[in-house]
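Asker: Provide a 3D model corresponding to the input given below.
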Amino acid sequence: MPLQSIMSYSMKRSDFSRLLVPHDGSEMSDKALDEAIRFAKPFGSKIILLHVVEDRVAPPSALLAFIKEKATLGKAKADLMGIIRMGGENMLGDRVEKARSAGLEANTMIEVGDPAEVILKTAEKEGADMIIMGSRQLKGARRLMMLGSVARRVAESAGRPFMLIH
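Answerer: Below is the predicted model of the structure:
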């Protein structure tokens, strides 16, 4: 039985009207987006693509290049974060168009902070019915110890359906 038929028996259209898809630019995030698009079609779900810029991304030594006369470390960090945000917006541009070209409503969000915390707060704030995200495939003992710290933390605290794509 096709996926659409199975889902129509047990779930209502409104059950998954908003899907949050965190995206970090990786191949696994692209796979998660592809799966989210496939999952969203039968429900007519809206896809919210979220990119989180880690606020701890730049060590102070990297910021020195951004410091000009009388500029502060805080200003240099803000300038660098602006550049990184712009990169995130550019990276999500093609991906949101992919969802829209599949006939889905989609938008992007760029947030700054700890990725797991931001994903969880955004899911709550946006009323996401499900979180669909990718995670690296680890092997051996590393796989047992960590699912991927961000994915693990989100899965443990999501309070809503969570789909992890490998």
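
Asker: tell me the SS of residue 110?
Answerer: strand (DSSP: H, G, I helix; E, B strand; the rest coil).

Asker: ok so residue 121 is a helix residue?
Answerer: Yes - membership of residue 121 in a helix is supported by three-state DSSP.

Asker: Report the mean confidence score over the helix ranked longest in the chain.
Answerer: Across the chain, the longest stretch assigned as helix under DSSP state H is helix 73-101. The average pLDDT within helix 73-101 is 86.

Asker: Below-threshold pLDDT in the chain: ranges please.
Answerer: Where the chain drops to pLDDT under 70, the residues are 1-14, 57-71, 73, 137-148.

Asker: Please enumerate the strands of it.
Answerer: Secondary structure of the chain (DSSP state E): strands located at 18-22, 46-53, 106-112, 130-134, 162-165.

Asker: Export the ones you listed to JSON lines and append columns for mean neighbour count and distance to residue 38.
Answerer: Every C-beta, even on glycine, is put in place using the N, C-alpha and C of the backbone. As requested, the strands of the chain are exported to JSON lines (neighbours: other C-beta atoms under 10 Å; distance: least, C-beta to C-beta, whole Å):
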{"stretch": "strand 18-22", "mean neighbour count": "26", "distance to residue 38": "11"}
{"stretch": "strand 46-53", "mean neighbour count": "23", "distance to residue 38": "11"}
{"stretch": "strand 106-112", "mean neighbour count": "18", "distance to residue 38": "14"}
{"stretch": "strand 130-134", "mean neighbour count": "26", "distance to residue 38": "10"}
{"stretch": "strand 162-165", "mean neighbour count": "17", "distance to residue 38": "11"}
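
Asker: Since that was my last question, I'll sign off now.
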